[in-house]
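>>> here is the input, now give the coordinates:
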Amino acid sequence: MPPLTSPPVAHTADLVVFGGTGDLSMRKLLPALFHSDRDGRLAPETRIIALSRGGLTDADFRGKVDAEVRDQVPADDLALWQRFLGRLHHLTVDVGGQDRTGWQALSRLLAGHESRDRVFYLASPPMTFGPFCRELELAGLVTPDSRVVLEKPLGRDLPSAQLINDEVGAIFDEQQIFRIDHYLGKETVQNLLVLRFANAFLEPVWNSLWIDHVQITVAETVGTPGRRGYYDHAGALRDMVQNHLLQLLTLTAMESPARNDREAIRDEKVKVLQSLRPIVGTEVGRFTVRGQYAQAGDLPGYLAEPGSTPPTEDSGRVETFTAIRAEIRNWRWAGVPFYLRTGKRMPHRRSEIVVQFKDVPHSIFPGGAPNRLVLRLQPEEGIELHIMAKEPGAGEIMLKPVPMSLSFGKTFTTRVPDAYERLLTDVLAGNPTLFMRRDEVEAAWRWIDPILDAWQASPDLPEPYPAGTAGPASAHELLGRSGRAWHEEEA
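Numbering: from 1, shown residues only. From the prediction side, this is the model:
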């Protein structure tokens, strides 16, 4: 198994994308595949086959991609862009219907290339995962070297996630299933593993003796214009916490794996999820916060977002913000709270992990503050270690927190790949290290479900917060009760 630091290798494959004309394909998958092609990570024979109901010819699809994606292509790469367009194909398929024409055309297109890896990327709603996989089996397209990629969200709760896993697992073996979370492809997430397990100075202090608490924040300035139909049935807890934030938590808290291979890292992540202290009953009200953004100035509230379906009774109950105080019950982390926070219409777009160390046991200088390690995933990926330093000047020693910064964009001259580039490269290479295993997904839902159930049973509505602010007052009280504050409030 090659390590995470292996140079890219060009892999020959047929990549079949269900929902190939959709928003995800146009915004993320196709641009990522072009950059992979430009950087030599796609073999010359690799084909990209989009499936949809659109009735497009190959030429129609290539024209659509050229019109919608070309603005992401540098001017000096246009020759490579034309080569990339030549890889693209389109077929119209009828899922679950009587018309087998599209499936027969796909069989003919793939015929004679059975020795190639086949990657079926399901860029579609989760309820289609099982039917798509059954169609592939019915058409005789699943080979021993096939893989299937499942986009989030994987279900709405534990039973629905188990049903999807059962349906897909009936067609594909577990080692063929790649459950994708694009946050795991971000450069800073990769560097979190390197920072922890390739540097000796951190391990002695990476525990409850030296760390006071950890904050994990994914904040977005955008709202949900045109997406309320989806968000009414998802909410921030399902949409962000169950996958993105819990994945970041596991990588922050996991034990060092015995080796860098496809299962050892995932084994340690599952142990963290299984060690999370359940939040049930009345504890849900004490340790969780849910909010919904309201109109503020020119910014609309959630119920008035333009281009969305009319609000329903469910709309008033959906959370666009949530904060949770989590605890991990093991020797390393006992007593250390992990604060998880995500929200729409926040003042700044920011994704970060903040590790707050305890204060020095005895300070001989006035005005000191605890050290803090900040791992920033977006908008600019990098790492900051905040240490105390003396301000220049004569007289009394005055302390000031000073960041020691590593900006990936400024430090490394090479282009930082998009998260989807990295993950698609791993799919083509058959490396599942950065993808979620079935037991990992289901362990996350087991922890999330009691919170969802308590919110559903409660007559209380989400706490309103003005659009463009840092969330409801209860989120600040969640930390304030123990004398703590969110990172930006102390900055």
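>>> going by C-alpha atoms from here, please, whenever you check contacts or count neighbours.
Noted.
>>> from Ala470, how far off is Arg118?
Arg118 sits 45 Å away from Ala470, taking Cα to Cα, to the nearest Å as the criterion.
>>> next one: Pro403
Pro403 sits 23 Å away from Ala470, going by Cα to Cα.
>>> equivalent analysis for Trp486, please.
Trp486 is 10 Å from Ala470, where distance means Cα to Cα.
>>> which of the two has more neighbours?
Applying other Cα atoms under 10 Å to Trp486 and Ala470 shows that Ala470 carries more neighbours, namely 23 against 19.
>>> in the stretch 151-300 of the chain, which spans are strands?
Secondary structure of the stretch 151-300 of the chain (DSSP state E, counting those that start in this stretch): strands at 177-179, 211-219, 288-294.
>>> need the ones you listed in CSV with mean neighbour count, mean pLDDT and distance to Leu399, can you?
Supplementary listing: the strands of the stretch 151-300 of the chain in CSV, determined by neighbours: other Cα atoms under 10 Å; pLDDT from 0 to 100; distance: least, Cα to Cα, whole Å:
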stretch, mean neighbour count, mean pLDDT, distance to Leu399
strand 177-179, 24, 95, 47
strand 211-219, 22, 96, 21
strand 288-294, 25, 96, 35
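>>> can I get these in JSON lines with distance to Ser474?
Listed next are those as JSON lines, based on distance: least, Cα to Cα, whole Å:
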{"stretch": "strand 177-179", "distance to Ser474": "34"}
{"stretch": "strand 211-219", "distance to Ser474": "16"}
{"stretch": "strand 288-294", "distance to Ser474": "6"}
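>>> what's the closest of these to Ser482?
Of all those, strand 211-219 sits nearest to Ser482, with 10.8 Å by Cα to Cα.
>>> what packs against that closest one?
Packing partners of strand 211-219 (3 or more Cα pairs under 8 Å, 6 or more residues apart in numbering; DSSP states H and E): strand 337-343, strand 350-357.
>>> ok and the shortest one relative to strand 288-294, angle-wise?
On the basis of axes from the mean of the first three to the mean of the last three Cα atoms, to 10 degrees, strand 337-343 is oriented at 20 degrees to strand 288-294.
>>> show me the contact partners of strand 337-343.
Strand 337-343 is contacted from outside by 212-220, 236, 240-241, 245, 249, 320-328, 471, using Cα atoms under 8 Å, 6 or more residues apart in numbering.
>>> what is the mean pLDDT for that strand?
Regarding strand 337-343, the rounded mean pLDDT is 97.
>>> picking up where we left off before, most tightly packed of the helices and strands packed on strand 211-219?
Among the helices and strands packed on strand 211-219, ranked by average contacts under mean count of other Cα atoms under 10 Å, first place goes to strand 337-343 (a mean of 24).
>>> outline the domain layout of this protein.
Residue ranges of the domains in the chain are recorded as 13-179, 184-490, according to automatic domain parsing.
>>> run the chain-centre distance for the longest one.
Using Cα atoms, centre = their mean, to the nearest Å, the distance from the centre of domain 184-490 to the centre of the chain it belongs to is 11 Å.
>>> and the shortest one, by the same measure?
The gap between the average C-alpha position of domain 13-179 and the chain average comes to 20 Å, counting by Cα atoms, centre = their mean.
>>> which pLDDT does the model give the residue nearest the centre of the chain?
Nearest residue to the geometric centre of the chain (Cα atoms, centre = their mean): Tyr183, 3.2 Å. Looking at Tyr183, its pLDDT is 85.
>>> ok, Leu375 next?
Listed pLDDT for Leu375 reads 91.
>>> got it, and Leu479?
Leu479 is assigned a predicted lDDT (pLDDT) of 94.
>>> ends of stretch 149-165, how far apart?
With Cα to Cα as the measure, stretch 149-165 spans 12 Å from end to end.
>>> what's in contact with that stretch?
With contact meaning Cα under 8 Å, 6+ apart, stretch 149-165 is reached by 119-124, 126-127, 129-130, 177-181, 234, 238-239, 243, 427, 438, 441-442, 445-446, 448-449.
>>> list the contacts of stretch 178-196.
Residues from elsewhere that reach stretch 178-196 (Cα under 8 Å, 6+ apart): 147-152, 202-203, 243-244, 247-248, 251-252, 375-377, 381-383, 416-423, 427, 432, 434-437.
>>> select only the buried ones of those in ChimeraX?
Buried subset of these, written as a ChimeraX selection, criterion 16 or more other Cα atoms under 10 Å:
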select :147,148,149,150,151,152,243,244,247,248,251,252,375,376,377,381,382,383,418,419,420,421,422,423,427,432,434,435,436,437
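>>> now, the contacts of stretch 178-196 that are in strands?
Among these, the residues falling in strands (DSSP state E) are Arg147, Val148, Val149, Leu150, Leu375, Arg376, Leu377, Gly382, Ile383.
>>> how about TSV for those, with distance to Val289 added?
As requested, the ones in strands among the contacts of stretch 178-196 are exported to TSV (distance: Cα to Cα, whole Å):
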residue	distance to Val289
Arg147	39
Val148	36
Val149	33
Leu150	30
Leu375	24
Arg376	24
Leu377	24
Gly382	29
Ile383	28
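>>> between the residues you listed, which is nearest Lys410?
Gly382 (9.5 Å).
>>> test my guess that the closest one contacts Met404.
No. Assessed by Cα atoms under 8 Å, Gly382 is found out of contact with Met404, at 10.7 Å.
>>> neighbours around the nearest residue to Pro347 once chain neighbours are set aside, how many?
Leaving aside its sequence neighbours, Pro347 sits nearest to Gly468 (Cα to Cα, 6 or more residues apart in numbering; 4.6 Å). Gly468 has 22 neighbours, counted by other Cα under 10 Å.
>>> does Gly468 touch Gly301 like I think?
No. Using Cα under 8 Å as the test, Gly468 is too far from Gly301 to be in contact (10.2 Å).
>>> give me the distance between His35 and Ala43.
The gap separating His35 from Ala43 is 13 Å, by Cα to Cα.
>>> among those two, which residue is more densely surrounded?
Shown here are His35 and Ala43; by other Cα under 10 Å, His35 has more neighbours (21 against 14).
>>> so the more buried one is in which element?
His35 is part of helix 30-38 when elements are defined by DSSP states H and E.
>>> repeat that for Phe84.
Using DSSP H and E, Phe84 sits within helix 78-85.
>>> what's the very next helix or strand once past that helix in contact with?
Helices and strands here follow DSSP H and E; after helix 78-85, the next one along the chain is strand 88-92. By Cα under 8 Å, 6+ apart, the surrounding residues in contact with strand 88-92 are 47-58, 61-62, 102, 105-106.
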